[in-house]
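Asks: Compute the structure for the input listed below.
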Amino acid sequence: MAKLTIAELKQRKGPGSLVMLTAYDYPTAKLAAEAGVDVLLVGDSLGMVVLGYDSTVPVTLEEMLHHTSAARRGAPDVHLVSDLPYLADATPERALAAAERLIKEGGADSVKLEGPKLAVVRALVEAGVPVLGHVGLTPQTASSLGGYKVQGRSPAAAKKLLEDALALEDAGAWGVVLEMVPRQLAALVTEQLGVPTIGIGAGAATDGQVLVFHDLVGVFDRFKPKFVRRYLEGGALIREAIEAYAADVRAGAFPEVGHAYEMDEEALEGLYGKGEA
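Replies: Below you'll find the predicted structure:
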């Protein structure tokens with residue numbers, strides 16, 4: 001599968017047109033690419049599901065670079081988006097410096113930023129950096145939004161969200177993520193935008209969908225958002241496998257002879273001093 005270009009991504013309009021999944025390491029990215037995922041996202045959600053932070057705020061640019069590079073090696077032919085971590089997009093200058101590293105060192109094809117930071121988006125696009133926008137619930141600033149709650153339920157909030165999404169498109173974003181937005185509002189935003197919308201907790205009318213890999217396979221259990229469908233209870237399966245391994249070691253059932261390497265008989269005799277005059 002050839003890597004999708006920005007021009008091709010912009011044409012992905014219509015429900016089910018884009019499949020996006022997070023990936024934070026080589027094996028996950030490789031598996032996702034083999035499964036035919038259109039776009040991979042190295043989200044700063046790695047702070048919670050991989051690094052054990054309480055939120056995405058502590059994630060550093062160095063950590064994003066580390067994981068973006070690993071995902072790139074696993075999926076060299078899939079369009080790779082990397083998040084600008086908290087405050088890396090506070091100014092156009094900071095965003096440009098961070099994006100340069102994520103693209104040059106990390107191998108990202110696009111960067112994603114949260115909220116309607118229009119001056120930042122314009123500066124990035126003018127510099128030739130493809131940008132994916134993100135409105136609705138924005139985890140980096142969730143505390144200022146009242147926590148992890150659905151956004152855009154009131155008429156005023158819904159209007160503001162639509163305006164922000166349209167402004168991001170006008171600023172040059174190739175698409176917009178809609179997170180935890182009522183499905184009716186997400187459908188309206190998708191209809192109004194000429195670029196793709198990618199939903200996470202935004203219903204079925206968006207042009208694409210994204211999920212966090214660890215939610216999809218059931219290996220993150222601190223909480224489970226309403227919008228997540230677990231396609232595998234991977235955590236339970238992995239735990240059972242580790243328990244079986246531990247039991248075999250304690251019982252002497254692992255390793256068996258077939259798991260060990262052999263030594264040449266002549267070398268062994270020499271080791272014990274046999275056959276000497």
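
Asks: neighbouring contacts of stretch 166-173?
Replies: 116, 118, 121-122, 124-126, 131-133, 135, 176, 192-195 (CB atoms under 8 Å, 6 or more residues apart in numbering). C-beta: built from backbone N, CA, C; applies to glycine.

Asks: same thing but 6 Å
Replies: 116, 118, 121-122, 125, 131, 133, 176, 193, 195 (CB atoms under 6 Å, 6 or more residues apart in numbering).

Asks: what's the answer for stretch 118-128, then?
Replies: By CB under 6 Å, 6+ apart, stretch 118-128 touches 89, 92, 95-96, 99, 131, 167, 171-173.

Asks: Secondary structure element holding M20?
Replies: strand 18-22 (DSSP states H and E).

Asks: okay, the angle between the next helix or strand after that strand and strand 18-22?
Replies: For strand 18-22, the following helix or strand on the C-terminal side (DSSP H and E) is helix 26-34. Helix 26-34 and strand 18-22 are oriented at 170 degrees to each other (axes from the mean of the first three to the mean of the last three CA atoms, to 10 degrees).

Asks: for helix 26-34, what is the average pLDDT?
Replies: On average, the pLDDT along helix 26-34 is 98.

Asks: now stretch 95-104
Replies: On average, stretch 95-104 scores 98.

Asks: and what of stretch 270-277?
Replies: Rounded mean pLDDT across stretch 270-277 is 68.

Asks: and what of stretch 170-184?
Replies: Per-residue pLDDT values across stretch 170-184 average out to 97.

Asks: Filter the contacts of stretch 166-173 down to the buried ones.
Replies: For these, a burial check counting by 16 or more other CB atoms under 10 Å picks out 116, 118, 121-122, 131, 133, 176, 193, 195.

Asks: Just flag the most distant two among those.
Replies: Longest distance between any two of the buried ones among the contacts of stretch 166-173 is 17.3 Å, between R122 and L193; criterion CB to CB.

Asks: any idea whether Q209 is helix, strand or coil?
Replies: Following DSSP: H, G, I helix; E, B strand; the rest coil, the label given to Q209 is strand.

Asks: Bridge partners for it, pull those for me.
Replies: Beta-bridge pairing of Q209, defined through DSSP bridges, involves V19, G199.

Asks: any idea how far Q151 is from it?
Replies: 18 Å (CB to CB, to the nearest Å).

Asks: E240 now?
Replies: Distance from E240 to Q151, by CB to CB: 38 Å.

Asks: again with A236
Replies: In terms of CB to CB, A236 sits 33 Å off from Q151.

Asks: Among these two, which residue is more densely surrounded?
Replies: Q151 (24 against 12; other CB atoms under 10 Å).

Asks: wait, what's in contact with the residue lying closest to that one once chain neighbours are set aside?
Replies: Using CB to CB, 6 or more residues apart in numbering and skipping the chain neighbours, the partner closest in space to Q151 is G136 (4.6 Å). Residues in contact with G136 (CB under 6 Å, 6+ apart) are 151, 178-181.

Asks: picking up where we left off before, quick one: the contacts of stretch 166-173 as TSV, columns for distance to S55 and secondary structure too.
Replies: Listed next are the contacts of stretch 166-173 as TSV, based on distance: CB to CB, whole Å; DSSP: H, G, I helix; E, B strand; the rest coil:
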residue	distance to S55	secondary structure
P116	21	coil
L118	25	helix
V121	24	helix
R122	28	helix
V125	28	helix
V131	23	strand
G133	21	strand
V176	22	strand
L193	29	coil
V195	29	coil
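
Asks: Let me know the closest of those residues to S110.
Replies: Distances from S110 to those, taken by CB to CB, are shortest for V131, at 6.6 Å.

Asks: Now that we're looking at the closest one, what pLDDT does it have?
Replies: pLDDT, read off for V131, is 98.

Asks: Provide the partner residues of it in its beta bridges.
Replies: Here V131, judged by DSSP bridges, has bridge partners V111.
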